[in-house]
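# Following is a predicted model, sequence given first.
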Amino acid sequence: MSAPAITPVVVRLKLSLLRNGLRQSGGRRAAYIASAVFALLFAALQVLGLVALRGFDHVESLVVLLVAVLALGWAVMPLFFPGGDETLDPTRLVMLPLRPRPLVRALLAASLVGIGPLFSLCLLTGSVIAVAHGAAAFAVGVLAVPLALLVCVALARAVAAANVRLLTSRKGRDLAVLSGLVIAIGAQVVNFGVQRLGSSGLEQLDPVADVLRWLPAASAVGAVHTAGEGSYGAAAAQLAVSAAALAALLVLWSRSLTRLMTSPDGSTLQAGDSAVRDRPSAGLGRLLPQGRTGTVMERSLRYIWRDPKTKAAWVTSLAIGLIVPVFNAWQGTGSVYFACFAAGMLGIQMYNQFGQDTSAFWMVATTISSTRDAYVELRARALALLLITLPYATLVTVLTTAMLDDWARLPEALGLSFALLGAMLATGAWTSARFPYSVPQDGYKNVAPGQVGLAWISIFGGMMAAALLCLPVIAATIGLNLGESGQDLRWLLLPVGTVYGALLALGGLRLAAPRTAGRLPEIIAAVSKG
């Protein structure tokens, strides 16, 4: 007697997971319905837009690029959103007597249930309609749409199965937190790309599309346009590329499932060695000052490297601080003063210094018995921040100036950046003592419930105060640029801005130290709510 097919069982299991998840709470149900409606409306608009582009020159290049981006999204989705689909973790089925091949077919069918596959199906259908001309092209499109969809789904499953140990570890949670960075950078890249296309036309995509049309799953949609031009052999070859990729992904996925089902989890075998590598005396600690200053600097730098949310905030600031001035300079619409954006983004990291410690701040508080101790603590945290921000802000300013070929304004741009950085260190130290708030360790929220107002006051109030503190340097810059006699004195803005920023930072630390020492119980209570 043959064993019953497991594909219908796994599909019903996927539907049950969706249904039971919606029953957990009204908020989750409302969020799911809202996201589904938004995704479907966006998909409908995309289909209408692609159909409207039918007949335009170079539309096939745009379609190939869209499908390539879609496949990339499916590939990285498991890495950054491991909790988005409960069926992505096949280790939950290790105790069941299942063979890899039937399991692959069942999970592949279950993967086609959901908002993501429906959105992808709409996009692929609209892409085929946009580029198909003639009966042969539409016949190829009937094969291309399901083939491209299966390639995307199999790619996501293969990536998830190959990295399931990572996705269920602390590093996997780090990746999930960094998903915000990917979205932010992707939004900036898309924004600048759309601006460039709007000014130069779709023909700019042809060189990239010529390569992507031979890569899965874009090659399947590319075959539709190729068949419409009468090149049936090339169209068959493009379909064969996607079909071969699908077969290879299914084989890799099956092997990963076999390995997961039969091998033990060795993720903790090297715990002892990692503990030895992470000893405080290694590497960085020997290069920092002795005493409390060096200890606090090392602790702050380790937070940046190890704490997921601190790491995400720093990487996001570093990336956005570089992208905005450099991309604007690359488009020819920027200014050397845009480089100050890097100093501003990095200076934000000085705000809420004690919130990143969470409830562990009580150990720091026990070491602060005087205003001097508080001053040294704040100064060391500011120095740790300057180790990264000062050279990075300088690099971004020099790079922006080089791209614009405006070297005459480099001294004043650097002076403004250093003055802004000093002002943000000053206001960040003061607001850290006056408006501390807790940063939850779990989830995506960066502010504990009930403390959103504190966060707004701390960050935006501090930024406005920093801008006001920089007004003398800004006024001097404007004055020297307006007057003809001041053109030769603009180089003075570099030493003036540097000294002014240093004085602001020292003054802010001096003002924040007694407030920190006098509010330790309140700070501990505020940062322990997450």
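It's in.

# drop to CA atoms for contacts and neighbour counts, all remaining ones
Will do.

# buried ones in stretch 103-123?
Buried residues in stretch 103-123, defined by neighbour count with 16 or more other Cα atoms under 10 Å: 103-112, 117-123.

# Any chance of the backbone angles for Gly332?
Dihedral pair for Gly332: phi 80, psi 10, per degrees, to the nearest 10.

# The closest residue to it other than its chain neighbours: how many residues sit nearby?
Excluding the flanking residues, the one nearest Gly332 by Cα to Cα, 6 or more residues apart in numbering is Leu404, at 7.4 Å. Residue neighbour count, defined by other Cα atoms under 10 Å, stands at 19 for Leu404.

# Next one: Leu404, what pLDDT does it get?
Note on Leu404: pLDDT of 86.

# Filter the buried residues of stretch 103-123 down to the ones in helices?
Among these, the residues falling in helices (DSSP state H) are 103-111, 117-123.

# From those residues, pick the one nearest Leu509.
Of all these, Leu509 sits closest to Phe119, with 52.3 Å by Cα to Cα.

# Need the nearest residue in space to that closest one, chain neighbours excluded.
In space, Phe119 is closest to Ala43, 5.8 Å off (Cα to Cα, 6+ apart).

# Let me know the next secondary structure element after whichever strand or helix holds that neighbour.
Here Ala43 is covered by helix 26-52, with elements defined by DSSP states H and E. Using DSSP H and E, the helix or strand that directly follows helix 26-52 along the chain is helix 59-80.

# Pull the distance from that next one to the chain's centre.
Relative to its chain's centre, helix 59-80 lies at 17 Å (Cα atoms, centre = their mean, to the nearest Å).

# what angle separates that helix from helix 26-52?
On the basis of axes from the mean of the first three to the mean of the last three Cα atoms, to 10 degrees, helix 59-80 is oriented at 160 degrees to helix 26-52.

# Quick one: list the elements packing against helix 59-80.
helix 115-131, helix 135-162, helix 170-177, helix 206-212, helix 218-228 (3 or more Cα pairs under 8 Å, 6 or more residues apart in numbering; DSSP states H and E).

# quick one, which of the ones you listed is nearest to Ala466?
The minimum distance between Ala466 and the helices and strands packed on helix 59-80 falls on helix 170-177, with 28.7 Å, by Cα to Cα.

# For that closest one, give the mean pLDDT please.
What helix 170-177 shows for mean pLDDT is 55.

# one step back: contact partners for the residue nearest to Phe119?
Listed by Cα atoms under 8 Å, 6 or more residues apart in numbering, the contact set of Ala43 reads 119, 122-123.

# how would you label Lys529: helix, strand or coil?
Of the three states, Lys529 takes coil according to DSSP: H, G, I helix; E, B strand; the rest coil.

# That one against Ser438, yeah?
Yes: with contact defined as Cα atoms under 8 Å, Lys529 reaches Ser438; the gap is 5.8 Å.

# Quick one: list the elements packing against the longest helix belonging to the chain.
In terms of residue count, the longest helix belonging to the chain (DSSP H) is helix 371-404. Helices and strands touching helix 371-404, by 3+ Cα pairs under 8 Å, 6+ apart, are helix 292-306, helix 308-330, helix 340-347, helix 410-434, helix 493-518.

# repeat that for 10 Å
Using 3 or more Cα pairs under 10 Å, 6 or more residues apart in numbering; DSSP states H and E, the elements in contact with helix 371-404 are helix 292-306, helix 308-330, helix 340-347, helix 361-365, helix 410-434, helix 493-518.

# Can you list the buried residues in stretch 426-445?
426-441.

# Can you dump the C-alpha atoms of it in PDB for me?
C-alpha atoms of stretch 426-445 as PDB (Å, rounded to 0.1, in the frame of the first residue of the first chain):
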ATOM      1  CA  ALA A 426      27.500  68.500  24.000                       C
ATOM      2  CA  THR A 427      23.800  68.300  23.600                       C
ATOM      3  CA  GLY A 428      23.900  64.500  23.500                       C
ATOM      4  CA  ALA A 429      25.700  64.300  26.900                       C
ATOM      5  CA  TRP A 430      23.200  66.700  28.500                       C
ATOM      6  CA  THR A 431      20.100  65.000  27.100                       C
ATOM      7  CA  SER A 432      21.400  61.600  28.100                       C
ATOM      8  CA  ALA A 433      21.400  62.800  31.700                       C
ATOM      9  CA  ARG A 434      18.200  64.800  31.500                       C
ATOM     10  CA  PHE A 435      15.900  62.700  29.200                       C
ATOM     11  CA  PRO A 436      17.100  59.000  29.400                       C
ATOM     12  CA  TYR A 437      14.800  56.300  28.000                       C
ATOM     13  CA  SER A 438      15.000  52.500  27.700                       C
ATOM     14  CA  VAL A 439      15.700  50.600  24.500                       C
ATOM     15  CA  PRO A 440      13.900  47.200  24.500                       C
ATOM     16  CA  GLN A 441      16.200  44.300  23.700                       C
ATOM     17  CA  ASP A 442      13.600  42.200  21.900                       C
ATOM     18  CA  GLY A 443      11.600  43.200  18.900                       C
ATOM     19  CA  TYR A 444      11.900  46.100  16.600                       C
ATOM     20  CA  LYS A 445      10.900  49.000  18.900                       C
END
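
# sorry, back to before: for my notes, please list the helices and strands packed on helix 371-404 in TSV and give mean pLDDT for each entry.
Shown next, in TSV, are the helices and strands packed on helix 371-404 (pLDDT from 0 to 100):
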stretch	mean pLDDT
helix 292-306	85
helix 308-330	81
helix 340-347	88
helix 361-365	87
helix 410-434	91
helix 493-518	92
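
# any chance of these in CSV, with distance to Gly73 too?
Listed next are the helices and strands packed on helix 371-404 as CSV, based on distance: least, Cα to Cα, whole Å:
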stretch, distance to Gly73
helix 292-306, 26
helix 308-330, 19
helix 340-347, 27
helix 361-365, 39
helix 410-434, 36
helix 493-518, 43
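
# Nearest to Asn163, out of these?
Of all these, helix 308-330 comes closest under Cα to Cα, at 18.6 Å.

# Buried residues in the closest one, which are they?
Neighbour-count burial for helix 308-330, counted by 16+ other Cα under 10 Å, picks out 308-329.

# what about Ser16, neighbour count?
Applying other Cα under 10 Å, we find 12 residues neighbouring Ser16.

# before we move on, which element is it in?
helix 7-23.
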